[in-house]
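Engineer: need a 3D model of the sequence below.
(2 chains)
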Amino acid sequence: MTCVAGCDVGSLTSKAVIMDGDRIVQSVIMKSKAKPWESADEVMRQALEKAGMSMGDLAYCVGTGYGRDKMTFINEAVSEIACHGKGAQWLVPTARTVIDIGGQDCKAVKLDDAGNMVKFITNDKCASGTGRFLEVMAKVLGVELADLGALSAKSKSPVTLASACTVWAQADVIQHLNDTVPLEDIAAGVNAAMASRMAVLANNIGVARDVCMTGGVAKNEGVVASLEKALGVRIKRIRKSDPQLAGAIGAALFAKEKVDGGMR
Amino acid sequence: MKEFMEAATVLNNRRVGEWKAQGGRVVGYTCSYVPDELFHAAGILPYRIRGIGASETTIGDTYFGPFICSLPKCMLQLAGEGKFDFLDGAIITPGCDSMRRLDECWRKAGDDNPGVLPKFFFHFGVPHKYSDYTIAWFTVEIQRLKAAVEGHFGVVITDEKLAASIRLFNRGRDLLEAFDAFRTAEDPPIGGADALAVIMAGTTMPRERYTELLEGLVGGLGRSASRITGKARLMLVGSANDDVELVCAIEGASAIVVADNLCFGSRFHADRVSEDGDPIEALARRYLAKNECPRVYGEYKARLATLRHKAEQARVDGVVLQNIRFCDLHGSENGLFERDLEAAGIPCIRLEREYGPLVETGRMKMRIDAFIERIRQRRKTA
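Structural biologist: Down below sits the predicted model:
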């Protein structure tokens, strides 16, 4: 057994995946701590513990995410853009466009048949259209972030948020709450606003089929459905594993490539 | 290298201090369309106004408002903080609309805060097209600037002095061309951050000293055995950048900027001024013919051809198309460049950034790292 690992430290959550060949041995998703290296150490410790392994059992480890350069135990750091592309194509082999919505950024990556990046784009203006946007809105609505998708599915008359700015959209939501608009209609409006921001980004690089979505927001069916509508394409659902793990899986796959290639 | 770097990174650098201590006068300008030779011939040090070192933009924001390029805001901030008190004059051009507004904002800041506005403050018009009639207009505008400088500073700019200044600046251009050949070589002896410092120093120190330093540097590079190898070769294009740190952030550990098309960079020394005929008209022809800035209408194809030529000559692996937030000129043209350069097989990345202290290095680094990974994947599969 030659195990490799990928560790993805994001602004909201940290993820670790241990792989043996093409199989995920163990994985962990946890809330990130204030210091990225502490998140990395902790998430990796938990993954190893669950797998009954130690660092010495890993042939190679790749780190990714915002905290990648601060990880002390990795052999190599790779950008999250490349890792999400790699991980997504492992999860959905026909994927040629990957849309990832993370805690503080969102990205669209175009891939070739071999999973190489052909083009990518990330948000560079503000945090609108990121996981943080949804987190803020869920808090204002008084619902769990994970329930936002199911809640919005009940909507009959979604509201329109006037502003893409997170702070001003929050003011819009409060106004709708004061006007006693049903929660599900506001939640649907929030998801639609999120999807329309992401659609602008994805259209910028040109959407090629198949399209799949990674990151924690991929688990919000309301955003995924709104994005399908905005882009006019079906988004392939990830069934093989948790879409939030895509970056860590990609990192582990890069680690596997290193081991397979004699670590050159 | 130390003197180049100091001149490129310190506003009131040692050479400016020495010049002032000897009673010399300094006139600042905001755009590469202003002919330095005119000031040199008047015995005045031409100094390109910078925005580096501004740690906040409270003064800039007061006069400009939020939705505008942060470079002129940083310039005004520094002026308001007294960092440009060594300037005896300033020339503002309509290089772009944000920079044109610096004229009004600086004047207003001067009304509100006596002493902020240099005593000689001149709006210098620059046409947006290159044609016979705009050259004629620009020639008259340079004559107007010349008369204003002569009148304010009590100097006479003779044709002989101007011709001598043109020859000196042309010598510098020739040396920078030779320098560019080292910079773009297979395994260059100098990196992109240092190269930018070398070029920019020419806008902030006396020309005679600069030429002397350049001669030494070019000779030294020719003999140098030191080589930078194994890095992804990038070309930096787009909005004005006078910050060496931005190039450092882009280069990181795995890239080298071997070429640029920046107005603070190699665009500054492209093309010589004709040493024949009327010197004012020669200046008008050379400075207005610099079509590399997107402020010039109808020249996109020529600019694209320039980029392709530079990319080919420097054997770049990719092009970084950056623009300062709210820079409409470069922001929109970068989109066209990306489309056309990618179609020609040259990988591109577009970066939108704030100017100066607000630069988001973390997110920028993530994108640059991914771009270099894309380049490496491309190399592997080629």
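Engineer: ok, the residue of the stretch 251-382 of chain B found nearest chain A - contacts?
Structural biologist: Among the residues of the stretch 251-382 of chain B, B:A370 lies closest to chain A, at 3.6 Å counting by C-beta to the nearest C-beta. C-betas here are computed from N, CA, C, even on glycine. The neighbours of B:A370, taking C-beta atoms under 8 Å, 6 or more residues apart in numbering or on different chains as the test, are A:S79, A:E80, A:I81, A:A82, A:M117, A:F120.
Engineer: neighbours of the fifth one, how many?
Structural biologist: Just to be clear, that refers to A:M117. Neighbour count for A:M117, taken as other C-beta atoms under 10 Å in any protein chain shown: 24.
Engineer: what's the nearest residue to the residue in the stretch 151-264 of chain A that chain B sits nearest to if we skip its chain neighbours?
Structural biologist: Closest approach between the stretch 151-264 of chain A and chain B, counting by C-beta to the nearest C-beta: A:N204, at 9.1 Å. Leaving out its chain neighbours, the residue that sits closest to A:N204 by C-beta to C-beta, 6 or more residues apart in numbering or on different chains is A:I121, at 5.3 Å.
Engineer: and for A:A230?
Structural biologist: Here the residue nearest A:A230, using C-beta to C-beta, 6+ apart, is A:A199, at 3.7 Å.
Engineer: show the average pLDDT along the helix or strand hosting that neighbour.
Structural biologist: If you go by DSSP states H and E, A:A199 is part of helix A:183-205. Averaging pLDDT along helix A:183-205 gives 87.
Engineer: so who does A:C3 touch?
Structural biologist: By C-beta under 8 Å, 6+ apart, the neighbours of A:C3 are A:I18, A:M19, A:D20, A:V25, A:A51, A:M53, A:D57, A:L58, A:A59.
Engineer: quick one: which of those residues is nearest chain B?
Structural biologist: Nearest to chain B out of those is A:M19 (C-beta to the nearest C-beta; 20.0 Å).
Engineer: tell me the strands beside the host helix or strand of the closest one, with direction?
Structural biologist: Element membership of A:M19, judged by DSSP H and E, is strand A:13-20. Within its sheet, and counting by DSSP bridges, strand A:13-20 is paired with strand A:3-9 (antiparallel), strand A:23-31 (antiparallel).
Engineer: CA-only coordinates of the helix holding A:A199, as PDB, when you get a sec.
Structural biologist: Extracted C-alpha coordinates of helix A:183-205, given in PDB (Å, rounded to 0.1, in the frame of the first residue of the first chain):
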ATOM      1  CA  LEU A 183     -38.000  32.900   4.300                       C
ATOM      2  CA  GLU A 184     -37.900  30.500   1.400                       C
ATOM      3  CA  ASP A 185     -38.400  33.300  -1.100                       C
ATOM      4  CA  ILE A 186     -35.600  35.300   0.400                       C
ATOM      5  CA  ALA A 187     -33.400  32.200   0.500                       C
ATOM      6  CA  ALA A 188     -34.100  31.600  -3.200                       C
ATOM      7  CA  GLY A 189     -33.300  35.200  -4.000                       C
ATOM      8  CA  VAL A 190     -29.900  34.800  -2.200                       C
ATOM      9  CA  ASN A 191     -29.100  31.600  -4.100                       C
ATOM     10  CA  ALA A 192     -30.100  33.200  -7.400                       C
ATOM     11  CA  ALA A 193     -27.900  36.300  -6.700                       C
ATOM     12  CA  MET A 194     -25.000  34.000  -5.900                       C
ATOM     13  CA  ALA A 195     -25.500  32.000  -9.100                       C
ATOM     14  CA  SER A 196     -25.700  35.100 -11.300                       C
ATOM     15  CA  ARG A 197     -22.400  36.400 -10.000                       C
ATOM     16  CA  MET A 198     -20.800  33.000 -10.700                       C
ATOM     17  CA  ALA A 199     -22.400  32.800 -14.100                       C
ATOM     18  CA  VAL A 200     -20.700  36.100 -15.100                       C
ATOM     19  CA  LEU A 201     -17.400  34.700 -14.100                       C
ATOM     20  CA  ALA A 202     -17.900  31.300 -15.900                       C
ATOM     21  CA  ASN A 203     -19.200  32.900 -19.100                       C
ATOM     22  CA  ASN A 204     -16.000  35.000 -19.200                       C
ATOM     23  CA  ILE A 205     -13.800  31.900 -19.900                       C
END
